[in-house]
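K.L.:
Fold the following for me, if possible:
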Amino acid sequence: MIFISHRGNITGKSSLENRPEYIMAAIDAGYYVEIDVWKTSEGIFLGHDAPQYRVSFEFFYANELICHAKNLEALFFLMERNVHYFWHQEDEYAITSRSVFITHPKAVLMAGSIAMLPELNNLWTPKQLDSAFGICSDNIEQYRKVYDERILYRR
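P.N.:
Predicted structure coming up:
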């Protein structure tokens, strides 16, 4: 099981999400991070609804990133590099460049996929989450603690 911070958030949504320093802090705390990537004529940016935070090409060297291409130009940029990326709109399932499925919070959880924002889906059981490849959440610390406690309890 891998634990993925959604846009750098660890303990809840924040106005700091998608900021490069916020993302690096989540990586330093031991998480993978799903980020939103845009490419414009002015460069590469992070941001959910629009390009906000300019980053260098070197930013993408962090192995812990899972990059959500937000526009076609970003998709082509990410495809040209050896980074973990995906594209989706409102699809129930997406597949990443490293052949990992992502399950939308409103879909039936696919075993072996990344459970995206399980806090938005009250139907996914702890047993189903155990079958996931990873969990991506704004509250990822909570999920990691619960998972660690379940592992300790089983011993």
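
K.L.:
contacts, neighbours, all on C-alpha from now
P.N.:
Will do.

K.L.:
which outside residues touch stretch 112-124?
P.N.:
100-106, 108-109, 129, 131-138 (CA atoms under 8 Å, 6 or more residues apart in numbering).

K.L.:
Find the residue ranges of this protein scoring beneath the pLDDT cut-off.
P.N.:
150-155 (pLDDT under 70).

K.L.:
quick one, strands of it?
P.N.:
Secondary structure of the chain by DSSP state E: the strands cover 2-6, 32-40, 43-46, 53-55, 65-69, 84-86, 93-95, 101-103, 114-116, 134-137.

K.L.:
Pull the last one out as PDB, backbone CA atoms only.
P.N.:
What follows is strand 134-137 as a C-alpha-only set of coordinates in PDB (Å, rounded to 0.1, in the frame of the first residue of the first chain):
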ATOM      1  CA  GLY A 134      -2.700   3.000  -2.800                       C
ATOM      2  CA  ILE A 135      -4.900   5.600  -1.300                       C
ATOM      3  CA  CYS A 136      -4.800   9.300  -2.400                       C
ATOM      4  CA  SER A 137      -6.400  11.700   0.100                       C
END
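
K.L.:
Run me through the strand neighbours of that strand, direction for each.
P.N.:
Paired neighbours of strand 134-137 in the sheet (DSSP bridges): strand 2-6 (parallel), strand 114-116 (parallel).

K.L.:
Highest mean neighbour count out of these?
P.N.:
Highest mean neighbour count of these: strand 114-116, a mean of 27 (counted as mean count of other CA atoms under 10 Å).

K.L.:
Dump the strands of the chain to JSON lines, plus distance to residue 124.
P.N.:
Output for the strands of the chain, formatted as JSON lines (distance: least, CA to CA, whole Å):
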{"stretch": "strand 2-6", "distance to residue 124": "17"}
{"stretch": "strand 32-40", "distance to residue 124": "21"}
{"stretch": "strand 43-46", "distance to residue 124": "30"}
{"stretch": "strand 53-55", "distance to residue 124": "34"}
{"stretch": "strand 65-69", "distance to residue 124": "23"}
{"stretch": "strand 84-86", "distance to residue 124": "23"}
{"stretch": "strand 93-95", "distance to residue 124": "15"}
{"stretch": "strand 101-103", "distance to residue 124": "11"}
{"stretch": "strand 114-116", "distance to residue 124": "9"}
{"stretch": "strand 134-137", "distance to residue 124": "12"}
